[in-house]
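1. below are the sequence and a predicted model; questions follow.
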Amino acid sequence: MQIAKAGSTRRIWDRREIEWALGALITAAGLYLHWVNLRSAGALWRDEAGVVRIATLPTIREIWSNLGHESCPILFPTLLRAWSFTVGGSDAALRVFGFIGGLLMLGAVWLTGWLFDRSAPLIALGLLALNPSVVRWGDSLRAYGLASVLMLVALATAWRFARAPDRKRWLVAALTGVISVQCLFQNSFLLLAVCVAAAVVRIRCHDFKNALAAIAIGVPAAMTLLPYRAIIREAQDWSVLSQIGVRPALIWTNLSDAMSPTVPWLCWLWIALALVAIARCVKGLRVMPSGTENATNSVALFAGTALVVGLIAFFIFLWIAKMPTKVWYFLPLTTFGAVCIDAALANWPARWPLWRCAVAILALLCLPGARELISYRQTNMDLIAGVLDERADPHDLIVVHPWNFGVSFDRQYSGPTPWTTVPPLADHRFHRYDLFKAKMILENPVQPVCDQIATTLRAGNHVWLVGDIPLSQTPPPQIQPAPNNPWGWLDDPYSDVWGAQVGYFVAMHATRGEVIPIPSPNSINPLENVQVVSVVGWQEPSAP
């Protein structure tokens, strides 16, 4: 009997060795992808440039008053500000800030694996470490990556309280909850799920006092969000420009890209694993006699409950916000979900534990495709700015369209040539939807741009069209001031029509045009792959 026991112990040790080796291997591969992203991402694109400009405003008061133009609370801009003033505010220095955030993500996944099961988190690493969406958007200069890290820490500290409640662990869980919601508003919905999960674990043990204490973990975090009420209320005045309601097809497209951008069918693996984790949670719902506890079932119950409530709460957030979803919106949810799945399935099934290694191996097989996606530049606006610095004359005119490209152009271009967006806005440091909304109620807001183009072309100078201005001699549609059109207050249709109006004006009056080649060492992210057209000469259009 002793010999059999020793052999059994040896087999378990071999399995653990394999898991730790695979975990180390996939972590090393993840580090490599983060390094590739650091070398490839290049200049800041418009969303990143906007939050950096807010973070580096002259005073904290100005940062606070302009938070409504960003999608995050004060913590992330404050950290960016500290980094910019101590390390540097160049694009390269800020990319290092994002790179460190990516490394913290890997560390947070390992932390949760250790606290939940004292094991290598192979499932979570397989789903996250080599996921190009996690690497690219987690390392981006937005709050989503750091918010995901802080949410995982909040998940782990809440589990420590649920497993063995005491005052110190409650204070740590409450503090991490406060920090996580101060990084991203969406984290408050996931924190609610964490509190519910901790309460369910304590209820299963007939510990109703600490179940209430678990729910109360989120109270300090909720209270710290109260000062943002005025900012959110003010932002609602212009957020209507982007609200399209809940569109399941768009949500699914972006969620599946967040889960598996390289191999589309892997999103079904996510779903299958989530369903099995939820089933494990349901099995753990059996109420334990007072004073007894099964650690494995408790972990599955906690993680599965957090997963279910987190999914419901996060989609309630999407329903409330009514915003068009993007891939990076789902980063906190996917990282949270992957860790919950890993925790719920860490010791299941006991007779065939090596299946978790298959998830890690499958992720490693996707490494070449992941590297290809990571090697994209985020924008070519810096390259365009360099070309215009060399070729544009101070008497020329630069026209940028759509208007939100002006945020990245404002950061990258420092030449003497005057420039404007379509329509002209007074401030391009960050996304001023309030200024754009004020233009939407005007009768003909692009007329000043057309007048500037006419003056420049008549003088024999060049007009440089940056972005997506369609040059066509087909008359564009005529529209009414907002909201007296079929699309109401949505901003994109107005911007498209105004860009077409400027393109029609140029096509009818300019005599010559040239597409300017913008060479790039690697491919450009399609979200900001900008072209430049130079036009010159003036002619009066012939009568119909």
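-> Here it is on my side, so go on.
2. and Gly537, what pLDDT?
-> If you check Gly537, the pLDDT there is 95.
3. OK, contacts around it?
-> Gly537 makes contacts with 457, 460, 510-512, as judged by CB atoms under 8 Å, 6 or more residues apart in numbering. Where you see a C-beta, it was placed from the backbone N, CA and C, and this is true even at glycine.
4. could you report the separation of it from Asn461?
-> Computed as CB to CB, to the nearest Å, the Gly537 to Asn461 distance reads 10 Å.
5. now swap in Leu311 and tell me
-> When distance is defined by CB to CB, Leu311 is 57 Å away from Asn461.
6. the contacts of Gly537 in helices, which ones?
-> Judged by DSSP state H, the contacts of Gly537 include Leu457 as members of helices.
7. restrict stretch 173-193 to CA atoms and write it as PDB.
-> Provided in PDB are the C-alpha atoms of stretch 173-193 (Å, rounded to 0.1, in the frame of the first residue of the first chain):
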ATOM      1  CA  ALA A 173     -10.800  43.500  -1.000                       C
ATOM      2  CA  ALA A 174     -12.700  46.800  -0.500                       C
ATOM      3  CA  LEU A 175      -9.500  48.800  -1.300                       C
ATOM      4  CA  THR A 176      -8.800  46.900  -4.500                       C
ATOM      5  CA  GLY A 177     -12.400  47.300  -5.500                       C
ATOM      6  CA  VAL A 178     -12.100  51.100  -5.100                       C
ATOM      7  CA  ILE A 179      -9.000  51.200  -7.200                       C
ATOM      8  CA  SER A 180     -10.400  49.000  -9.900                       C
ATOM      9  CA  VAL A 181     -13.600  51.200 -10.400                       C
ATOM     10  CA  GLN A 182     -11.500  54.300 -10.400                       C
ATOM     11  CA  CYS A 183      -9.700  53.000 -13.500                       C
ATOM     12  CA  LEU A 184     -12.800  52.200 -15.500                       C
ATOM     13  CA  PHE A 185     -16.500  52.700 -14.900                       C
ATOM     14  CA  GLN A 186     -17.400  49.300 -16.400                       C
ATOM     15  CA  ASN A 187     -15.500  47.600 -13.600                       C
ATOM     16  CA  SER A 188     -18.200  48.600 -11.200                       C
ATOM     17  CA  PHE A 189     -20.500  46.000 -12.900                       C
ATOM     18  CA  LEU A 190     -17.900  43.300 -12.600                       C
ATOM     19  CA  LEU A 191     -17.200  44.200  -9.000                       C
ATOM     20  CA  LEU A 192     -20.800  43.700  -8.300                       C
ATOM     21  CA  ALA A 193     -20.500  40.100  -9.700                       C
END
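8. so the spatially closest residue to Val308 that is not a sequence neighbour, which of the three states?
-> Among residues not flanking Val308 along the chain, Ile278 sits closest, at 5.9 Å (CB to CB, 6 or more residues apart in numbering). Assigned with DSSP: H, G, I helix; E, B strand; the rest coil, Ile278 falls in the helix class.
9. wait, what's in contact with Ile278?
-> Neighbouring residues of Ile278 by CB under 8 Å, 6+ apart: 304, 307-308, 344.
10. same question, His428
-> For His428, the contacting residues are 406-407, 409-410, 421, by CB under 8 Å, 6+ apart.
11. residues near the closest residue in space to Gly113 that isn't next to it in sequence, how many?
-> What sits nearest to Gly113 in space, not counting adjacent residues and going by CB to CB, 6+ apart, is Pro121, at 2.9 Å. Pro121: 30 surrounding residues under other CB atoms under 10 Å.
12. same check on Met440?
-> 20.
13. do Pro521 as well
-> The number of residues packed near Pro521 is 9, by other CB under 10 Å.
14. so that it lines up with my notes, have the first residue be 622 from now on.
-> Let's use 622 as the start, then, which means that last one is Pro1142.
15. does it count as helix, strand or coil?
-> coil.
16. for Ala745, see how far away Pro885 is.
-> Plainly put, Pro885 is 21 Å away from Ala745 if you go by CB to CB.
17. ok, the two, which is more surrounded?
-> Using other CB under 10 Å, the more surrounded residue of Pro885 and Ala745 is Ala745, with 29 against 11.
18. which element is that one on?
-> Using DSSP states H and E, Ala745 sits within helix 743-749.
19. with only the CA atoms kept, save the helix or strand just after that helix in CSV.
-> Downstream of helix 743-749, the next assigned helix or strand under DSSP H and E is helix 753-759. The C-alpha trace of helix 753-759 is given here as CSV (Å, rounded to 0.1, in the frame of the first residue of the first chain):
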residue,chain,number,x,y,z
PRO,A,753,-3.7,39.4,-30.2
SER,A,754,-6.7,41.5,-29.0
VAL,A,755,-5.6,41.2,-25.4
VAL,A,756,-2.0,42.1,-26.3
ARG,A,757,-2.8,44.9,-28.7
TRP,A,758,-5.6,46.6,-26.7
GLY,A,759,-4.2,45.7,-23.3
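20. pull the next helix or strand after helix 753-759 out as PDB, backbone CA atoms only.
-> For helix 753-759, the following helix or strand on the C-terminal side (DSSP H and E) is helix 764-784. Extracted as PDB, the C-alpha positions of helix 764-784 are listed here (Å, rounded to 0.1, in the frame of the first residue of the first chain):
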ATOM      1  CA  ALA A 764      -7.700  52.400 -19.500                       C
ATOM      2  CA  TYR A 765      -9.000  49.000 -20.500                       C
ATOM      3  CA  GLY A 766      -5.700  47.100 -20.000                       C
ATOM      4  CA  LEU A 767      -4.900  48.400 -16.600                       C
ATOM      5  CA  ALA A 768      -8.600  48.100 -15.600                       C
ATOM      6  CA  SER A 769      -8.500  44.400 -16.500                       C
ATOM      7  CA  VAL A 770      -5.400  43.900 -14.300                       C
ATOM      8  CA  LEU A 771      -7.000  45.700 -11.400                       C
ATOM      9  CA  MET A 772     -10.200  43.700 -11.800                       C
ATOM     10  CA  LEU A 773      -8.400  40.500 -11.600                       C
ATOM     11  CA  VAL A 774      -6.700  41.600  -8.400                       C
ATOM     12  CA  ALA A 775     -10.100  42.600  -7.000                       C
ATOM     13  CA  LEU A 776     -11.400  39.100  -8.000                       C
ATOM     14  CA  ALA A 777      -8.500  37.400  -6.200                       C
ATOM     15  CA  THR A 778      -8.700  39.500  -3.000                       C
ATOM     16  CA  ALA A 779     -12.500  39.000  -2.800                       C
ATOM     17  CA  TRP A 780     -11.900  35.200  -3.100                       C
ATOM     18  CA  ARG A 781      -9.400  35.400  -0.200                       C
ATOM     19  CA  PHE A 782     -12.200  37.000   1.900                       C
ATOM     20  CA  ALA A 783     -14.800  34.500   0.800                       C
ATOM     21  CA  ARG A 784     -12.500  31.600   1.700                       C
END
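21. perfect, I'm done here.
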